[in-house]
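Peer 1: coords please:
(2 chains)
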There are 2 protein chains.
Amino acid sequence: MRHFQLLEYAGFSQSNPTMARPPLKFDLATVYVSDAQYNRNIFFDTSPQAVRLYLLYNHWFMQTLVYAFIIVNLALALFEDPAVVPLPIWATSTIEIICLSAFSVRMVHYAKVIPKDKFWKDPKNICIIVVLSFIDLTIYGALKSTGYFAIRWSRVLRPLLLVNVTEGRQLRRAFRSIRNALPQISYVFLLFMFSVLVFSLVALKLFGKRGLLTIDGSPYFTDYLDIVFDLYVLVTTANSPDVMMPAYNYSVFFTIFFILYIIINTYTFMSFFLAVVYSNYKKHLKEEVRQLVKARRFKMCRAFSLLHEARGEGGEPVVTQTKWNHLVKLVKPNINIAHRELLWSVLDDQNKGHIGKFAFVQLADLLSIQVITVKSQPHPIQICFPSMYNSPVSRFIRYVVHQRMFVYVYDLIILVNAVFIGLDEENPVVSNAEWGFLALYMLEIILKLYATEPRAFFARHHFWNWFDTIIIVSALFGTIINSALKHCYTSRQILDIIFILRVLRLIRLVDSIKRFRAIINILIKIGPTILTFGQLIVVVYYIFAMVGMELFKGKVQFFEPNSTSPDQEYCGNPLLKGTTFAKLNYCKNNFNNVVSSFIVLLELTVVNQWHDILYKYRSKPVTHISARIFFVLFHIVVVIIIINIFVAFILEAFLVEYTIDKSDLQTSLEKKIEELELNVQQDGVDTGLVDAMESNDNELGPSEAGKQKPSLMFKIASRRSRTVDGLLQRMFETDIRPEDFVEEEEPENINFSNPVFDSV
Amino acid sequence: MRHFQLLEYAGFSQSNPTMARPPLKFDLATVYVSDAQYNRNIFFDTSPQAVRLYLLYNHWFMQTLVYAFIIVNLALALFEDPAVVPLPIWATSTIEIICLSAFSVRMVHYAKVIPKDKFWKDPKNICIIVVLSFIDLTIYGALKSTGYFAIRWSRVLRPLLLVNVTEGRQLRRAFRSIRNALPQISYVFLLFMFSVLVFSLVALKLFGKRGLLTIDGSPYFTDYLDIVFDLYVLVTTANSPDVMMPAYNYSVFFTIFFILYIIINTYTFMSFFLAVVYSNYKKHLKEEVRQLVKARRFKMCRAFSLLHEARGEGGEPVVTQTKWNHLVKLVKPNINIAHRELLWSVLDDQNKGHIGKFAFVQLADLLSIQVITVKSQPHPIQICFPSMYNSPVSRFIRYVVHQRMFVYVYDLIILVNAVFIGLDEENPVVSNAEWGFLALYMLEIILKLYATEPRAFFARHHFWNWFDTIIIVSALFGTIINSALKHCYTSRQILDIIFILRVLRLIRLVDSIKRFRAIINILIKIGPTILTFGQLIVVVYYIFAMVGMELFKGKVQFFEPNSTSPDQEYCGNPLLKGTTFAKLNYCKNNFNNVVSSFIVLLELTVVNQWHDILYKYRSKPVTHISARIFFVLFHIVVVIIIINIFVAFILEAFLVEYTIDKSDLQTSLEKKIEELELNVQQDGVDTGLVDAMESNDNELGPSEAGKQKPSLMFKIASRRSRTVDGLLQRMFETDIRPEDFVEEEEPENINFSNPVFDSV
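Peer 2: Next comes the predicted model:
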């Protein structure tokens, strides 16, 4: 084993006088490396000024600002007619103009960064949106001020800014997935529609002449278009037994028709949609990740060519450790020297003092592996009161806290707590017991803090420690405030919050069961992606909400439950008298403002009862029959496409979680850590599917504290903290690695696409 | 290219005097090869008597008989109380005893076939079922005859015979899939239930105290168990907006609770179930196919060891062509000599006259590739009236029929026909037009028969030719019968059948569009598997129907629509007065006999409104609250497990269809056919995903008839005609091939499992 002096080496790289190249080279290399690390794909100009502008362009503050403007722009829908909180037109218009100006400035900034000839290729979408919005705003203002009827049609374009302006890779990838799957989906959809049409024809002929009646007395299956729509709804299962009942009541043999229909259309075709989306998703994702890895390698090669010098055997270009140190310090200023040394020792395996292109290129991947540095510091109490901290009683307490039994006891307490939560809280015993539970939980945290070094306890990767502490402390404050205010008045809101905090505590119970932890880990990992899909859903919902509001606003009125208006019975629309819509009290499911539109769209996504939400479509009056087109279109876009992409993602994430192991690089880093005896010991619990690091509370505990250990230790962050991109990349890593390194990328030949603004 | 005399070789193998081994060897080898070919895995005794019994055991007649008895046994439910057609107890009991005796005889037969020591390992399930059924029958008979209340509980066991007695591999595989996925599904399910319970607790505390009311005036979210059930139903989306409406009407912020719930439970957890089922399905299927291939190789090796003789270079054991021919003739008596020669030439590539073990083992796979023999015979009319058939007019007609335009014209005719079908049939123009269409379709068939040799036209693999002819001829007969009877009376049934035949014609339209054909092919391929899932569904439905009938029979009455009984309004049960169940006229959704039970279970599978079908569970009277357990259990078994396995199968089938090419063996067979210039020419249309053979009507057409061609030609049946097993095997073929041939299976070492009776 090699002797490795971590800290003695510290001062070396900073005071090295051999640094010859001008600092600009380093700036540029830094940009390349960090671009490679964060997968940014902007083809920027390499002049010093452009590089500086590019750094500003990528600055987190600028990015946040852009997001803020987009959110403000989208939020305008709350204040515009039909508004939740009405604001005058001049106010909303002014805000919109400010937002649009901000996007324009961002565009100008972008134009300054990239070469002139590349500019017009990409951001045309944004320019079009901005220009169209300005035009619409002008027309609308003019028409409104002269008292004419006007529609703000450009509002539909707003969510597209979310896709185009920001660098949200996932969102854009999801959009590309959809676009790529579209041709195949449309073939399946056409065949599916053919099947629905043929079945409708059969239904018309079988049932139409028999004079059957539906429950509300209207003739059953006599109009072809109505039948098509009814059978389309049956595919979503929303009208499942109802649509069959009249035929079934007439003869049991007619159910064969519906059984066949359900098997073929509801089950087989719907599975086909999933299969098509899934297979396309998989195929295109692979291609995209391959492109991403290629681009990353290319950027690393450019960085290498800026820093290399011919010093290796046979005059091979190499990068010296000095330069490499300088570069890493610029790319990641906040990693400590020991960590940097560790990374170097992984790359420079033979301890030659310089690395070749192959090793250098791995830097970006290496930097993206999260290494946790654990400093084994003595406990503060040990420093202040060493005799007390090392007394037998103190030792015993620390011993107890690190036992499995301690965890089990607290699991039991949580279980008892769950029962108490379920009981009536107005019972004084129950409300007083809450204080007891709070005290117990506080005691747990204090004991753990006593037994573990506080900075280790609150390390960034200790998710459950943070979770517990925040939940308990908030609950404590909430309960105190509530009991202080109790004598004046009881606020339901505070009680609700306290109560939810209490229930959240129960979640910890799940994490202490091994089998569940694996599933929870997948859930946590999928979390960020759900946010991506959240953005996707917001984009689609927003567009449909804008259209829906223009089409259906004011058709239905909601009356507060305690209102005495006679219109309440039929949602303020006499045409709805006696309809299922009114009977089920669906008045609030309307398009009267953006919030309720979103909720209606959510209900339509869940699909059930959507034919009823269609405002009793069968008798024409309330909305035009073409409203069905709106709803069917929504169903196709959201349920058939987006939800299936979501399911496809979960399927793939699940399969990856089960099959793919750590990447080569991660393993070699781990091996190196182990080789250097710098690894944090883990207890021997077999964690099965996923590492149990987070809940592994007794690391650095007293049992190990006795041994002679280095003062700094490392471990690889568990898979839990991986990002979606990391997950996706790992999915296809094994396929990409070999073949991508055979072809030495020549900067001239590679098709360095600039996929930033070309998505929608 | 080798000269290959196909027909001259014919008499050789039959009259060869060198056949030295006793015929028993050949019988045994034949059994091994056909076992390998059909993947039968019974470890039979090798004594001559046992082999003969084994052949009888596998005879198609015996297998059909067993199926017939199972169907009769299952069909008894139609005649037993509660019956569709009531029969006296003595009659049903007698039939059941006959069936059970038949199964016992089958068991005895099985016991004679396999070695004594192996017998008790496997068929214990059947024995238990048969014995239990006899006991139940006795008890039931005794109790009924003395007038006591009795339940035929053993009826629940009946469908298990379908799984255990028959050799239905797919069904058993599906059951094994379920059994293997069960532990993982249960972990996810427990976590899911934990989530539902926690959400219910939150709901109880948030909404319970606010005094909200549901639409029917009952308190909203006040009872914990009711909330749990309501939220479980929300997961199935069946009560989607309704369960939210009271909270939403109270405050818009409460929708956050439901949105979170829907995202986490309805979407994420339900996708998790699919993912778990899918990943398990994939994993275990792979393992099973591997076992299957291993067992097959082992059996082929045994056959080889029976027939081999040391004649190769270095005294290697080989099988001579003579023996091989004899064997193939015994295994597949109906394949012609030329085909056999073709197979031999694939195996004996160097034309040595004998093959080694490696080549011999491939025989089973080779036999399972469907090779279509096409005899290029002259048209019968050409033989009878050569001058007429070869006249310019006749040539022109044949030329026209083989043009693409001819297909397009008929597609157009079908389209016009579709419009006419949609029109009112009582219009005389429309009903007369039908005769015109029929004539046109008949003309098409006659023309095609004129242009193509009739035996080639009606070859087994020409699906659409058969389809067309049957549909048209049936429709013709139906229409004639109908118009003959019209003057006496109009039978709706005949009209319905004619009409359905007419609509079926439209389907052909789809097959002429290339993009659709690929999807249709997948549909057709999935067809047989849907039948397997059908059996699975029947097993599960039957069990639930039996339990459901005992629990719920007679609770609800259905009255014919024209009945005047006042009970009709509440389905004959006063407790149902005013409930949604009665209002929606769901009276026929009951468990009063096995047919309506199956239909109710189908509705529960589709999931919508299932909480309403639960007979108004909220107010206790009609059925006990534990009925919910029945319904939830059904939901878990059918929707969460079986439907997901179905979706998993479709997903996998779809992915395989897109990715995997033909197997090596199939390619080498094709190459050989091409090498020998015996391949059937196909037209140059790029068929993309799937071969276009079936719709390729002009093969052997006049344009080719002029050339000098061999009188017999071959082609590989398109992928369309592959079985599910073939599909599954192909799925993992690439993984299995290499490693499985490295290990030379020793008959002693291989774990030759006997998986026939060990499934449930």
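
Peer 1: Which positions in the stretch 551-700 of chain A make contact with chain B?
Peer 2: By the criterion of Cβ under 8 Å from any Cβ of the partner chain, the positions of the stretch 551-700 of chain A lying close to chain B are A:558, A:561, A:583-586, A:588-589, A:595-596, A:599, A:602-603, A:606-609, A:613, A:643, A:646-647, A:650-651, A:653-655, A:658. Every residue, glycine included, has its C-beta placed from N, CA and C.

Peer 1: Just the ones in helices from these, please.
Peer 2: When those are checked against helices using DSSP state H, the ones located there are A:583, A:595-596, A:599, A:602-603, A:606, A:613, A:646-647, A:650-651, A:653-655, A:658.

Peer 1: In the stretch 401-550 of chain A, what residue spans correspond to helices?
Peer 2: Counting by DSSP state H, counting those that start in this stretch, the stretch 401-550 of chain A has these helices, from start to end: A:404-422, A:428-451, A:454-457, A:463-485, A:492-511, A:514-552.

Peer 1: From the contact count, pick out the helices and strands touching the longest one.
Peer 2: When contacts are defined as 3 or more Cβ pairs under 8 Å, 6 or more residues apart in numbering or on different chains; DSSP states H and E, helix A:514-552 sits against helix A:158-164, helix A:169-207, helix A:492-511, helix A:594-606, helix A:627-634, helix A:644-659, helix A:724-742, helix B:169-207.

Peer 1: Show me what the helix or strand encompassing residue A:241 is packed against.
Peer 2: Of the helices and strands defined by DSSP states H and E, residue A:241 is found in helix A:240-250. In this structure, helix A:240-250 packs against helix A:169-207, helix A:224-235, helix A:255-261, helix B:594-606, with contacts taken as 3+ Cβ pairs under 8 Å, 6+ apart.

Peer 1: isn't residue A:99 right up against residue A:75?
Peer 2: No. With contact taken as Cβ atoms under 8 Å, residue A:99 and residue A:75 are classed as non-touching, separated by 10.0 Å.

Peer 1: higher neighbour count, the two?
Peer 2: The residue with the greater number of neighbours, taking residue A:99 and residue A:75 and applying other Cβ atoms under 10 Å in any protein chain shown, is residue A:99; the counts read 22 against 11.

Peer 1: ok, and what's touching stretch A:51-63?
Peer 2: Taking contacts as Cβ atoms under 8 Å, 6 or more residues apart in numbering or on different chains, the residues outside stretch A:51-63 that touch it are A:24, A:27-28, A:31, A:40, A:42, A:44-45, A:106, A:109-110, A:112-113, A:166-167.

Peer 1: Straight-line length of that stretch, end to end?
Peer 2: Criterion Cα to Cα, to the nearest Å; first-to-last residue distance in stretch A:51-63 is 17 Å.

Peer 1: what separates that stretch from the chain centre, distance-wise?
Peer 2: Its chain's C-alpha centre lies 24 Å from the corresponding centre of stretch A:51-63 when counted by Cα atoms, centre = their mean, to the nearest Å.

Peer 1: For residue B:65, see how far away the closest residue to residue A:174 other than its chain neighbours is.
Peer 2: Spatial nearest neighbour of residue A:174, excluding adjacent residues (Cβ to Cβ, 6 or more residues apart in numbering or on different chains): residue A:536 at 5.1 Å. For residue A:536, the distance to residue B:65 under the criterion Cβ to Cβ, to the nearest Å works out to 58 Å.
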